[in-house]
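Peer 1: How does the following fold in three dimensions:
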Amino acid sequence: MDGDNGGKREHDEDVLDDVDEEDLLNVDDTYEEIDVDDSLALGENDDAAAADDDDDADDTSDGLRKKSVFDRLQRVKRPKLTIPDKQKDLRTVLSHRSRISNFNHHVKTDGLSIVPPSSDTVPPHPVIEYRRARAVRVVEDYFNSLCEDMLRISAPRTLFQRWLLDMATGTAIEEDPIFKNPQCVVESDVMRTGLRAEMPYRIRAYSLTKFQVGMKTLEEYISSAQYWLDNTAAAAQELGEKEQAKEDGEEEVEEEENKSDVPAAIPDDVRARIEHQLKDVKWWMEDGDKHDQALLNIHLQRLRDECTPLFAGLVQDKIDEVCNAVLAKTVEVHHQLENDKEKVDQLEEKILLEGEKDDDADENEGGDEDDELAILVRNQVQVAEGRFDVEILFGEDAFTINRSAYNKLFSLYKLNNPFEGPKTKDELKQEQNVKSQEDNDDNRSNDNDDDDTSDDAMSEEEYKGLFFTALYCMLRRYTTLMGELPGLPGASFEAPIPPSTMNILYQEMGVCFELCASPLNAFFPFFCSPFPDTDTVFCSQGPMGDLIVQGGSFECHPACTEEAIDRAAEYVLQILEDTDSAVSIVFVSPNWTDPPCAGLHMLESSAFTRHRFVAPRSKHSYVSGAAHFASGTERNAINVLPRFGTAVFVLQNEAGMRAWPCTKDVFWNIRKAFGSGINHGNNNNSNSSSSFRQRGNMDGQQQYKKRSYHRSNNF
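Peer 2: Numbering: from 1, shown residues only. As a prediction, the model looks like this:
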């Protein structure tokens, strides 16, 4: 289904121009101090709000800190906005984000009642994460070569990452967090659908809006289609010769181990229909008006709707071969990864027998079966902290994340794993007295009275060392899932809604829990994520499907793939059906209506859907799924405008409607937060399904236009 939507499933584009580094130096000093509780109310004037805060808090330390923050904000030379006048409303929405922190760890959890799954997962090992990433890369390179050699196409940019995401979030058969179910490459339609959409050549939506791109697409389509027609004819002739040889009694030619690189012959009527359509297009390209965009679109749409489906049966056997080959390679690398785990355990036991870890691996390599593993096992995760960026190093990996993301992750880690520090002499004496009484040993004495701290207590350095290891493992896992730097093709699947919008949902609807998030993009300290082994230490409550919901107000923004949306929609509707206590869920999803997405159809037709609307794509933005990798002095990678509208559903059971009433004013504020309804007035029929569908279809027909604007901070 993804392939039939043209450019709808493609990457978002950056929409920010560069901001002067000098400006950002001043802003970053304040960004670390501003909290959601200190931020200005949305829609207020900066100067007026700053003056009010100064008057109310002159005599307190908090007030002085606020005054200092706002003074520095006023000193920043703000770049001039470059949005056209007709985009003033978009500018108003986006300008609020500089005053909202990218997380809120001080939320009220009124009505929240959940039962997280048991946390019996094995902590991740940096060496295994490192090797798993390379195993995934081997499979991806193999998949790319299969597409070029067997299908004569370039591998679709995000298809491999979409398959990985489907496998990692699906039903687990294996214990590996990524290779949970290698069989899904042949059992799921994700890979097949994506490859079929590329055959013989994919006609994307933007080729219908840009003449030169459309002409190039037409040429490539004809060339690729002609290749398959010629080779199927050759295959048919070869097959006929073999059959004739058998009839003549000649020795049967031994079948090759691998099948031919060309597909089997196709029926004559199908071939005739394809050749007829290609002939019409060739005639127009040679003798027709090649500057007519309307005629070009007619030919492109006719090929896409009439000719491309005819190739589905033609290339299905080759696509099946590709999927089976990917499955075999996946099983092979997974088996090798399991062997690596055993070797790592053996190497660590050997190190323990030898004594302390030796940072100089060269002195300990002799006799090890795998020199690279031996070096990695003896290595530690290294972290270099700068003013704007933090670099995490392990092996050949080097991740540079911005300071804001680092501080957020460290806050989540401390929230889940509080640092108690070394115990004082008095605390040790008190514990020893309690232990003595329990053991009935009144003669026990403390031999370490002269020491102020415990020798075996965790130091701050050891605590941060554990955090560094957890940080690397989590970053490595999600980078493996999204694709390697610098491209990160799968990052568009994980683009969250902006913190300013999340803050509105918290204020207006009491939302305090995210059902589909990760430590990298979560706004609240309570969320579900796909990897409990790497994410639990960052406050994750485990996978969404394993969570038992007994009440609360939630936000659900699944990954931007149809299979993820379908699973999430089915899950939230089941929660509402099974729970008698108050439940409210704000469901956010791309508005894919042509062809319809099954998950959105389920939500639209559900009795639990109390309100719904579509935010036009030109009126709102997302946060890039790779925003944590953006440099602290290069903010142009943070906000992105989508290529699609956003469908927002307010789902509530009867008790949820009473606990968190979505009044007209509340609903209007939510729409404004998403940039929807601006310039449309306040008379909106939110319960009108026909209005919902009409807006969705109209939005899907609008042409995507890249907007440029300047920002003074992250959001």
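Peer 1: Show me the shaky parts of the stretch 501-650 of the chain.
Peer 2: 631-637 (pLDDT under 70).
Peer 1: now the helices for it?
Peer 2: 532-535, 562-578, 598-604 (DSSP state H, counting those that start in this stretch).
Peer 1: what do you get for the stretch 151-300 of the chain?
Peer 2: 159-169, 184-187, 190-196, 211-247, 268-287, 293-302.
Peer 1: got those as CSV, with mean pLDDT, mean neighbour count and distance to residue 319 columns?
Peer 2: For the C-beta atoms, the positions are set from N, CA and C on the backbone; glycine is no exception. Shown next, in CSV, are these (pLDDT from 0 to 100; neighbours: other CB atoms under 10 Å; distance: least, CB to CB, whole Å):
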stretch, mean pLDDT, mean neighbour count, distance to residue 319
helix 159-169, 93, 23, 12
helix 184-187, 88, 18, 10
helix 190-196, 90, 21, 5
helix 211-247, 75, 15, 13
helix 268-287, 83, 14, 17
helix 293-302, 86, 15, 23
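Peer 1: re the thing from before, would you tell me which one of the helices of the stretch 501-650 of the chain is buried the most?
Peer 2: Among the helices of the stretch 501-650 of the chain, helix 532-535 has the highest mean neighbour count (mean count of other CB atoms under 10 Å), at a mean of 24.
Peer 1: Just the local confidence number for residue 109, please.
Peer 2: With respect to pLDDT, residue 109 has a value of 85.
Peer 1: burial count for it?
Peer 2: By the criterion of other CB atoms under 10 Å, residue 109 has 15 neighbours.
Peer 1: Check the spacing between it and residue 511 real quick.
Peer 2: 11 Å (CB to CB, to the nearest Å).
Peer 1: and the next element down the chain from the longest helix along the chain?
Peer 2: Looking across the chain with DSSP state H, the single longest helix is helix 308-354. Downstream of helix 308-354, the first helix or strand assigned by DSSP states H and E is helix 371-378.
Peer 1: next SSE after that following helix?
Peer 2: strand 382-385.
Peer 1: list the buried ones in that following strand?
Peer 2: Buried residues in strand 382-385, defined by neighbour count with 16 or more other CB atoms under 10 Å: residue 383.
Peer 1: ok, that strand: who's next to it in the sheet?
Peer 2: strand 389-394 (antiparallel) (DSSP bridges).
Peer 1: what about the strand it pairs with, average pLDDT?
Peer 2: 95.
Peer 1: Specify the angle between that strand and helix 371-378 in degrees.
Peer 2: Orientation check (axes from the mean of the first three to the mean of the last three CA atoms, to 10 degrees): strand 389-394 against helix 371-378 gives 130 degrees.
Peer 1: Tell me which residues of strand 389-394 come out buried.
Peer 2: Buried-residue list, strand 389-394, by 16+ other CB under 10 Å: 389, 390, 392, 393, 394.
Peer 1: could I get these as JSON lines with distance to residue 486?
Peer 2: JSON lines is the format used below for those (distance: CB to CB, whole Å):
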{"residue": "389", "distance to residue 486": "15"}
{"residue": "390", "distance to residue 486": "18"}
{"residue": "392", "distance to residue 486": "16"}
{"residue": "393", "distance to residue 486": "17"}
{"residue": "394", "distance to residue 486": "18"}
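Peer 1: Output stretch 526-536 as PDB, restricted to C-alpha atoms.
Peer 2: Taking Å, rounded to 0.1, in the frame of the first residue of the first chain, the C-alpha atoms of stretch 526-536 are listed here in PDB:
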ATOM      1  CA  PHE A 526       6.100   8.100  31.300                       C
ATOM      2  CA  PHE A 527       6.000   6.400  27.900                       C
ATOM      3  CA  CYS A 528       6.100   3.100  26.000                       C
ATOM      4  CA  SER A 529       8.900   2.200  23.600                       C
ATOM      5  CA  PRO A 530       9.800  -0.900  21.600                       C
ATOM      6  CA  PHE A 531      13.100  -1.900  23.400                       C
ATOM      7  CA  PRO A 532      12.700  -2.500  27.200                       C
ATOM      8  CA  ASP A 533      16.300  -3.700  27.600                       C
ATOM      9  CA  THR A 534      17.800  -0.400  26.400                       C
ATOM     10  CA  ASP A 535      15.000   2.000  27.300                       C
ATOM     11  CA  THR A 536      13.800   0.900  30.800                       C
END
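Peer 1: Quick one: residues in contact with it.
Peer 2: 107, 109, 112, 117, 119, 121-124, 129, 168-169, 177, 416, 470, 473-474, 477, 512-519, 522, 539-544, 547 (CB atoms under 8 Å, 6 or more residues apart in numbering).
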